[in-house]
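[1] next one to model:
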Amino acid sequence: MKTYQFLKGAAVASLIGLSAAAVQAEEVIRAVTFTPAQVSFSKNFMKFVDLVNERGEGVVQIQVIGGPEVIPNERMGEAQMNGIADMFLLPAGLYLNLVPEGEAFAGSNLDPMTAREKGGLDLVNEAYHAKANTHILAHVDGGAGFHLWTTEKPGTTADGQVDLSGLRLRTSPLYRAFFEELGATIVVQAAGEVYTSLERGVVDGTGYPVSGIRDFGWDKFLKYRIDPGFFQTDVLISINLDTWNGLSDEAKAIVEAAAIEHEKTSYEANLVLNETESKALADSGIETITLEGEQADLFLNKAYDIAWARLKERDPTYHDQLKAIFFEDF
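    As a prediction, the model looks like this:
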(Lines give C-alpha, C1' and ligand atoms only; values in the text may rest on other atoms or scores of the structure.)
Protein backbone atom coordinates (compact mmCIF):
# COMPACT_ATOMS: atom_id res chain seq x y z
CA MET A 1 0.00 0.00 0.00
CA LYS A 2 2.78 2.40 0.91
CA THR A 3 4.57 1.62 -2.35
CA TYR A 4 1.34 2.36 -4.31
CA GLN A 5 0.81 5.61 -2.45
CA PHE A 6 4.39 6.62 -3.16
CA LEU A 7 4.04 5.84 -6.85
CA LYS A 8 0.69 7.64 -6.98
CA GLY A 9 2.23 10.64 -5.24
CA ALA A 10 5.15 10.61 -7.63
CA ALA A 11 2.80 10.47 -10.58
CA VAL A 12 0.80 13.44 -9.29
CA ALA A 13 3.99 15.35 -8.66
CA SER A 14 5.12 14.50 -12.17
CA LEU A 15 1.85 15.75 -13.64
CA ILE A 16 2.04 18.93 -11.60
CA GLY A 17 5.58 19.42 -12.81
CA LEU A 18 4.52 18.93 -16.41
CA SER A 19 1.60 21.34 -15.94
CA ALA A 20 3.89 23.95 -14.46
CA ALA A 21 6.33 23.48 -17.31
CA ALA A 22 3.50 23.90 -19.82
CA VAL A 23 2.39 27.10 -18.16
CA GLN A 24 5.94 28.39 -18.17
CA ALA A 25 6.28 27.51 -21.84
CA GLU A 26 3.26 29.66 -22.75
CA GLU A 27 4.61 33.08 -23.66
CA VAL A 28 2.61 36.04 -22.37
CA ILE A 29 2.49 39.40 -24.17
CA ARG A 30 1.32 42.36 -22.07
CA ALA A 31 -0.73 44.81 -24.15
CA VAL A 32 -1.90 48.41 -23.71
CA THR A 33 -4.48 50.36 -25.75
CA PHE A 34 -4.48 54.08 -26.47
CA THR A 35 -8.23 54.41 -25.89
CA PRO A 36 -10.35 53.29 -22.93
CA ALA A 37 -11.99 49.86 -23.13
CA GLN A 38 -15.41 51.21 -24.17
CA VAL A 39 -14.12 52.95 -27.33
CA SER A 40 -14.48 51.10 -30.65
CA PHE A 41 -10.73 50.99 -31.32
CA SER A 42 -10.13 49.05 -28.11
CA LYS A 43 -13.17 46.84 -28.69
CA ASN A 44 -11.85 45.95 -32.15
CA PHE A 45 -8.42 45.20 -30.71
CA MET A 46 -9.99 42.63 -28.40
CA LYS A 47 -11.09 40.67 -31.47
CA PHE A 48 -7.42 40.35 -32.43
CA VAL A 49 -6.50 39.42 -28.84
CA ASP A 50 -9.18 36.72 -28.76
CA LEU A 51 -7.97 35.36 -32.10
CA VAL A 52 -4.38 35.05 -30.87
CA ASN A 53 -5.40 33.57 -27.53
CA GLU A 54 -7.62 30.98 -29.17
CA ARG A 55 -5.00 29.89 -31.68
CA GLY A 56 -2.08 30.31 -29.33
CA GLU A 57 -3.34 28.30 -26.37
CA GLY A 58 -0.33 26.62 -24.78
CA VAL A 59 2.05 28.67 -26.95
CA VAL A 60 1.37 32.40 -26.66
CA GLN A 61 -1.26 34.60 -25.01
CA ILE A 62 -1.97 38.34 -25.01
CA GLN A 63 -2.93 39.91 -21.71
CA VAL A 64 -4.44 43.41 -21.96
CA ILE A 65 -3.31 45.29 -18.87
CA GLY A 66 -5.15 48.56 -19.56
CA GLY A 67 -5.38 51.74 -21.58
CA PRO A 68 -4.40 55.38 -21.10
CA GLU A 69 -5.16 55.08 -17.40
CA VAL A 70 -2.14 52.75 -17.19
CA ILE A 71 0.21 54.66 -19.49
CA PRO A 72 -0.72 58.15 -20.78
CA ASN A 73 -0.92 58.45 -24.57
CA GLU A 74 1.99 60.86 -24.81
CA ARG A 75 4.29 58.35 -23.06
CA MET A 76 3.26 55.19 -24.89
CA GLY A 77 5.84 55.42 -27.67
CA GLU A 78 8.72 55.62 -25.20
CA ALA A 79 7.09 52.99 -22.98
CA GLN A 80 7.04 50.57 -25.87
CA MET A 81 10.61 51.40 -26.85
CA ASN A 82 11.76 50.72 -23.28
CA GLY A 83 9.70 47.55 -22.85
CA ILE A 84 7.49 48.85 -20.05
CA ALA A 85 4.75 46.93 -21.85
CA ASP A 86 5.12 44.60 -24.81
CA MET A 87 2.34 45.30 -27.30
CA PHE A 88 0.48 48.52 -28.04
CA LEU A 89 -2.60 49.53 -29.95
CA LEU A 90 -1.28 52.97 -30.77
CA PRO A 91 -1.57 55.47 -33.66
CA ALA A 92 1.67 56.35 -35.40
CA GLY A 93 0.74 60.02 -35.06
CA LEU A 94 1.18 59.93 -31.29
CA TYR A 95 4.92 59.31 -31.49
CA LEU A 96 6.11 60.98 -34.68
CA ASN A 97 8.80 62.58 -32.53
CA LEU A 98 10.43 59.15 -32.33
CA VAL A 99 9.57 57.82 -35.79
CA PRO A 100 8.61 60.54 -38.29
CA GLU A 101 8.23 57.80 -40.90
CA GLY A 102 4.92 57.03 -39.19
CA GLU A 103 3.52 59.86 -41.34
CA ALA A 104 3.25 57.28 -44.12
CA PHE A 105 0.21 55.63 -42.52
CA ALA A 106 -1.91 58.78 -42.17
CA GLY A 107 -0.47 60.20 -45.39
CA SER A 108 -1.53 57.15 -47.35
CA ASN A 109 -4.54 57.07 -49.66
CA LEU A 110 -4.27 53.29 -50.14
CA ASP A 111 -5.89 50.62 -48.03
CA PRO A 112 -3.53 48.89 -45.55
CA MET A 113 -3.60 45.56 -47.40
CA THR A 114 -2.43 47.14 -50.66
CA ALA A 115 0.35 49.05 -48.91
CA ARG A 116 1.48 45.79 -47.27
CA GLU A 117 1.47 43.93 -50.59
CA LYS A 118 3.65 46.67 -52.11
CA GLY A 119 6.24 46.20 -49.36
CA GLY A 120 5.23 49.23 -47.33
CA LEU A 121 5.20 47.54 -43.94
CA ASP A 122 8.61 45.93 -44.47
CA LEU A 123 10.09 49.28 -45.45
CA VAL A 124 8.56 51.31 -42.63
CA ASN A 125 9.65 48.65 -40.13
CA GLU A 126 13.26 49.44 -40.96
CA ALA A 127 12.73 52.86 -39.41
CA TYR A 128 10.66 51.58 -36.48
CA HIS A 129 13.25 48.94 -35.62
CA ALA A 130 16.10 51.45 -35.64
CA LYS A 131 14.39 54.43 -34.00
CA ALA A 132 11.80 53.04 -31.61
CA ASN A 133 12.86 49.44 -30.88
CA THR A 134 9.42 48.55 -32.24
CA HIS A 135 8.02 46.07 -34.76
CA ILE A 136 4.79 46.98 -36.58
CA LEU A 137 2.47 43.99 -36.97
CA ALA A 138 -0.51 45.59 -38.67
CA HIS A 139 -2.19 48.83 -39.72
CA VAL A 140 -5.70 48.25 -38.38
CA ASP A 141 -9.09 49.98 -38.51
CA GLY A 142 -8.18 51.55 -41.84
CA GLY A 143 -10.62 52.74 -44.47
CA ALA A 144 -11.57 55.93 -42.67
CA GLY A 145 -10.24 59.43 -42.42
CA PHE A 146 -10.24 62.08 -39.75
CA HIS A 147 -12.98 64.70 -39.81
CA LEU A 148 -13.18 68.21 -38.48
CA TRP A 149 -15.95 68.52 -35.87
CA THR A 150 -17.03 71.90 -34.50
CA THR A 151 -19.58 73.53 -32.21
CA GLU A 152 -19.75 76.57 -34.51
CA LYS A 153 -20.05 76.80 -38.29
CA PRO A 154 -16.61 77.45 -39.84
CA GLY A 155 -16.14 80.33 -42.22
CA THR A 156 -14.66 80.32 -45.72
CA THR A 157 -11.87 82.31 -47.33
CA ALA A 158 -12.14 84.27 -50.58
CA ASP A 159 -10.95 81.24 -52.57
CA GLY A 160 -13.53 78.97 -50.95
CA GLN A 161 -11.24 77.26 -48.46
CA VAL A 162 -12.30 76.39 -44.94
CA ASP A 163 -11.39 79.18 -42.54
CA LEU A 164 -10.94 78.17 -38.92
CA SER A 165 -9.94 81.63 -37.70
CA GLY A 166 -11.40 82.38 -34.30
CA LEU A 167 -11.94 78.71 -33.43
CA ARG A 168 -10.03 76.93 -30.68
CA LEU A 169 -9.61 73.32 -31.73
CA ARG A 170 -8.30 70.35 -29.84
CA THR A 171 -5.75 68.55 -31.94
CA SER A 172 -3.11 65.84 -31.85
CA PRO A 173 0.47 66.13 -33.14
CA LEU A 174 -0.65 64.38 -36.35
CA TYR A 175 -2.90 67.12 -37.70
CA ARG A 176 -1.83 70.12 -35.65
CA ALA A 177 0.00 71.76 -38.57
CA PHE A 178 -3.01 71.24 -40.86
CA PHE A 179 -5.41 72.97 -38.46
CA GLU A 180 -2.93 75.79 -37.93
CA GLU A 181 -2.67 76.23 -41.70
CA LEU A 182 -6.45 76.65 -41.79
CA GLY A 183 -6.25 79.39 -39.16
CA ALA A 184 -7.30 77.61 -35.98
CA THR A 185 -5.98 78.29 -32.49
CA ILE A 186 -4.59 74.98 -31.27
CA VAL A 187 -5.10 73.15 -28.00
CA VAL A 188 -3.13 69.89 -27.78
CA GLN A 189 -4.69 67.41 -25.36
CA ALA A 190 -5.51 63.73 -25.01
CA ALA A 191 -8.87 62.44 -26.19
CA GLY A 192 -9.92 61.72 -22.62
CA GLU A 193 -9.83 65.44 -21.82
CA VAL A 194 -11.98 66.61 -24.74
CA TYR A 195 -15.41 66.03 -23.18
CA THR A 196 -14.69 68.43 -20.33
CA SER A 197 -13.10 70.96 -22.69
CA LEU A 198 -16.17 70.93 -24.96
CA GLU A 199 -18.50 71.11 -21.96
CA ARG A 200 -16.71 74.15 -20.55
CA GLY A 201 -16.21 75.87 -23.91
CA VAL A 202 -12.44 75.60 -23.69
CA VAL A 203 -12.39 74.24 -27.25
CA ASP A 204 -14.81 74.71 -30.16
CA GLY A 205 -14.17 71.36 -31.78
CA THR A 206 -11.68 68.64 -32.57
CA GLY A 207 -10.39 66.32 -35.24
CA TYR A 208 -11.30 62.64 -34.97
CA PRO A 209 -12.60 59.69 -36.99
CA VAL A 210 -16.36 59.05 -37.09
CA SER A 211 -15.95 56.02 -34.86
CA GLY A 212 -15.29 57.24 -31.35
CA ILE A 213 -17.37 60.43 -31.36
CA ARG A 214 -20.33 58.81 -29.61
CA ASP A 215 -18.10 56.53 -27.55
CA PHE A 216 -16.56 59.60 -25.92
CA GLY A 217 -19.90 61.43 -25.70
CA TRP A 218 -18.69 64.40 -27.75
CA ASP A 219 -21.81 64.34 -29.92
CA LYS A 220 -23.60 66.05 -27.03
CA PHE A 221 -21.76 69.29 -27.90
CA LEU A 222 -20.72 69.06 -31.55
CA LYS A 223 -22.91 70.63 -34.25
CA TYR A 224 -20.96 70.41 -37.52
CA ARG A 225 -18.88 67.86 -39.41
CA ILE A 226 -16.67 68.89 -42.34
CA ASP A 227 -16.29 66.46 -45.24
CA PRO A 228 -14.27 65.03 -46.89
CA GLY A 229 -12.26 63.21 -44.27
CA PHE A 230 -8.55 63.96 -44.34
CA PHE A 231 -5.58 61.63 -43.83
CA GLN A 232 -6.27 58.01 -42.94
CA THR A 233 -6.63 56.55 -39.48
CA ASP A 234 -3.14 55.40 -38.51
CA VAL A 235 -3.85 52.92 -35.71
CA LEU A 236 -1.15 50.26 -35.44
CA ILE A 237 -0.70 47.00 -33.59
CA SER A 238 2.95 47.08 -32.63
CA ILE A 239 5.28 45.22 -30.30
CA ASN A 240 8.55 45.93 -28.55
CA LEU A 241 11.28 44.63 -30.86
CA ASP A 242 13.15 42.80 -28.09
CA THR A 243 9.93 41.05 -27.09
CA TRP A 244 9.23 40.14 -30.71
CA ASN A 245 12.71 38.77 -31.27
CA GLY A 246 12.43 36.78 -28.04
CA LEU A 247 9.26 34.94 -29.06
CA SER A 248 9.49 31.41 -30.38
CA ASP A 249 9.02 30.91 -34.12
CA GLU A 250 5.69 29.23 -33.41
CA ALA A 251 4.47 32.15 -31.32
CA LYS A 252 5.58 34.65 -33.97
CA ALA A 253 3.74 32.73 -36.68
CA ILE A 254 0.51 32.70 -34.67
CA VAL A 255 0.66 36.42 -33.82
CA GLU A 256 1.67 37.51 -37.33
CA ALA A 257 -1.02 35.46 -39.07
CA ALA A 258 -3.67 36.85 -36.73
CA ALA A 259 -2.41 40.41 -37.29
CA ILE A 260 -2.60 40.10 -41.08
CA GLU A 261 -6.08 38.62 -40.84
CA HIS A 262 -7.26 41.31 -38.42
CA GLU A 263 -5.84 44.05 -40.63
CA LYS A 264 -8.28 43.02 -43.37
CA THR A 265 -11.31 42.19 -41.22
CA SER A 266 -10.97 45.38 -39.16
CA TYR A 267 -10.79 47.41 -42.39
CA GLU A 268 -14.00 45.84 -43.67
CA ALA A 269 -15.73 46.22 -40.30
CA ASN A 270 -14.66 49.86 -40.09
CA LEU A 271 -16.33 50.68 -43.39
CA VAL A 272 -19.61 49.37 -42.02
CA LEU A 273 -19.11 51.08 -38.66
CA ASN A 274 -18.48 54.43 -40.35
CA GLU A 275 -21.80 54.17 -42.18
CA THR A 276 -23.83 53.27 -39.11
CA GLU A 277 -22.12 55.86 -36.90
CA SER A 278 -22.47 58.58 -39.57
CA LYS A 279 -26.21 57.94 -39.73
CA ALA A 280 -26.53 57.98 -35.95
CA LEU A 281 -24.63 61.27 -35.72
CA ALA A 282 -26.74 62.84 -38.47
CA ASP A 283 -29.92 61.65 -36.76
CA SER A 284 -28.71 63.30 -33.54
CA GLY A 285 -28.56 66.65 -35.31
CA ILE A 286 -24.92 67.03 -36.43
CA GLU A 287 -24.91 68.81 -39.79
CA THR A 288 -22.43 67.72 -42.46
CA ILE A 289 -20.81 70.45 -44.55
CA THR A 290 -19.45 68.79 -47.69
CA LEU A 291 -16.68 70.40 -49.72
CA GLU A 292 -16.85 69.48 -53.38
CA GLY A 293 -14.84 69.73 -56.57
CA GLU A 294 -11.86 72.06 -56.53
CA GLN A 295 -12.65 73.10 -52.95
CA ALA A 296 -12.37 69.50 -51.75
CA ASP A 297 -9.18 68.92 -53.76
CA LEU A 298 -7.55 72.00 -52.23
CA PHE A 299 -8.55 70.86 -48.75
CA LEU A 300 -7.17 67.33 -49.20
CA ASN A 301 -4.02 68.34 -51.06
CA LYS A 302 -3.18 70.79 -48.29
CA ALA A 303 -3.55 68.03 -45.69
CA TYR A 304 -1.49 65.42 -47.56
CA ASP A 305 1.18 67.95 -48.59
CA ILE A 306 1.69 68.95 -44.96
CA ALA A 307 2.09 65.34 -43.83
CA TRP A 308 4.66 64.36 -46.45
CA ALA A 309 6.53 67.68 -46.23
CA ARG A 310 6.79 67.25 -42.47
CA LEU A 311 8.36 63.81 -42.91
CA LYS A 312 10.82 65.13 -45.48
CA GLU A 313 11.81 67.99 -43.20
CA ARG A 314 12.33 65.76 -40.15
CA ASP A 315 14.16 62.93 -41.89
CA PRO A 316 14.23 62.58 -45.70
CA THR A 317 15.93 59.14 -45.67
CA TYR A 318 12.82 57.10 -46.45
CA HIS A 319 10.57 59.88 -47.76
CA ASP A 320 10.72 59.15 -51.48
CA GLN A 321 10.47 55.37 -51.07
CA LEU A 322 7.58 55.56 -48.65
CA LYS A 323 5.60 58.09 -50.68
CA ALA A 324 6.05 55.99 -53.81
CA ILE A 325 4.47 53.03 -52.00
CA PHE A 326 1.86 54.60 -49.74
CA PHE A 327 0.49 57.46 -51.84
CA GLU A 328 -1.07 57.71 -55.29
CA ASP A 329 -1.59 61.14 -56.83
CA PHE A 330 -5.16 62.27 -57.29
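
[2] ok, the most centrally placed residue in the chain - contacts?
    Computing the C-alpha centroid of the chain and ranking residues by C-alpha atoms, centre = their mean puts residue 235 first, at 1.7 Å. By C-beta atoms under 8 Å, 6 or more residues apart in numbering, residue 235 lies in contact with 34, 41, 89, 90, 91, 139, 140, 141. To be clear about C-beta, it is placed using only N, CA and C from the backbone, and glycine gets the same treatment.

[3] 10 Å - rerun?
    Applying C-beta atoms under 10 Å, 6 or more residues apart in numbering to residue 235 gives the contacts 33-35, 41, 44-45, 89-94, 105-106, 112, 138-142, 144, 209, 266, 270.

[4] can you flag which of those residues belong to helices?
    Here DSSP state H is the test, and those give 41, 44, 45, 105, 106, 112, 266, 270 as lying in helices.

[5] for the stretch 51-200 of the chain, what spans make up the strands?
    60-66, 87-91, 134-139, 146-150, 155-156, 162-163, 168-171, 185-188 (DSSP state E, counting those that start in this stretch).

[6] turn these into TSV, including mean neighbour count.
    TSV is the format used below for those (neighbours: other C-beta atoms under 10 Å):
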stretch	mean neighbour count
strand 60-66	17
strand 87-91	26
strand 134-139	25
strand 146-150	24
strand 155-156	13
strand 162-163	18
strand 168-171	22
strand 185-188	14
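
[7] residue 198 is nearest to which of these?
    strand 168-171 (8.2 Å; C-beta to C-beta).

[8] tell me which residues are up against that closest one.
    Strand 168-171 is contacted from outside by 146, 148-150, 154, 175-180, 182-191, 193-194, 197-198, 201-208, 218, using C-beta under 10 Å, 6+ apart.

[9] cool, and stretch 308-319?
    96-97, 99-104, 107, 123-124, 126-127, 130-131, 173-174, 176-178, 320, 322-323, 325-327.

[10] filter those residues down to the buried ones.
    96, 99-104, 107, 123-124, 127, 131, 174, 176-178, 322-323, 325-327 (16 or more other C-beta atoms under 10 Å).

[11] could you chop this protein up by domain?
    As assigned by automatic domain parsing, the chain contains the domains 23-143+234-272, 146-231+277-323.

[12] reformat these as a markdown table; add mean pLDDT.
    Formatted as a markdown table, the domains of the chain follow (pLDDT from 0 to 100):
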| stretch | mean pLDDT |
| --- | --- |
| domain 23-143+234-272 | 96 |
| domain 146-231+277-323 | 93 |
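
[13] so of the ones you listed, which one's packed in deepest?
    Between these, domain 23-143+234-272 has the highest mean count of neighbours, a mean of 19, where neighbours are mean count of other C-beta atoms under 10 Å.

[14] for that domain, the distance to its chain's centre please.
    Domain 23-143+234-272 sits 8 Å away from the centroid of its parent chain (C-alpha atoms, centre = their mean, to the nearest Å).

[15] check stretch 203-213 too.
    With C-alpha atoms, centre = their mean, you get 15 Å for stretch 203-213.

[16] do stretch 309-319 as well
    Relative to its chain's centre, stretch 309-319 lies at 21 Å (C-alpha atoms, centre = their mean).

[17] quick check: end-to-end length of that stretch?
    End-to-end distance for stretch 309-319, by C-alpha to C-alpha, to the nearest Å: 9 Å.

[18] okay if I get the ones in helices among the contacts of residue 235 as a markdown table plus distance to residue 306?
    Listed next are the ones in helices among the contacts of residue 235 as a markdown table, based on distance: C-beta to C-beta, whole Å:
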| residue | distance to residue 306 |
| --- | --- |
| 41 | 24 |
| 44 | 28 |
| 45 | 29 |
| 105 | 15 |
| 106 | 10 |
| 112 | 21 |
| 266 | 27 |
| 270 | 24 |
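
[19] quick one: which of these is nearest residue 293?
    residue 106 (24.0 Å).

[20] surely residue 193 meets residue 172?
    No: contact criterion C-beta atoms under 10 Å: residue 193 and residue 172 do not qualify, at 11.7 Å.

[21] can I get the strands of the stretch 51-200 of the chain in JSON lines with distance to residue 305?
    Formatted as JSON lines, the strands of the stretch 51-200 of the chain follow (distance: least, C-beta to C-beta, whole Å):
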{"stretch": "strand 60-66", "distance to residue 305": "37"}
{"stretch": "strand 87-91", "distance to residue 305": "20"}
{"stretch": "strand 134-139", "distance to residue 305": "21"}
{"stretch": "strand 146-150", "distance to residue 305": "16"}
{"stretch": "strand 155-156", "distance to residue 305": "20"}
{"stretch": "strand 162-163", "distance to residue 305": "15"}
{"stretch": "strand 168-171", "distance to residue 305": "18"}
{"stretch": "strand 185-188", "distance to residue 305": "19"}
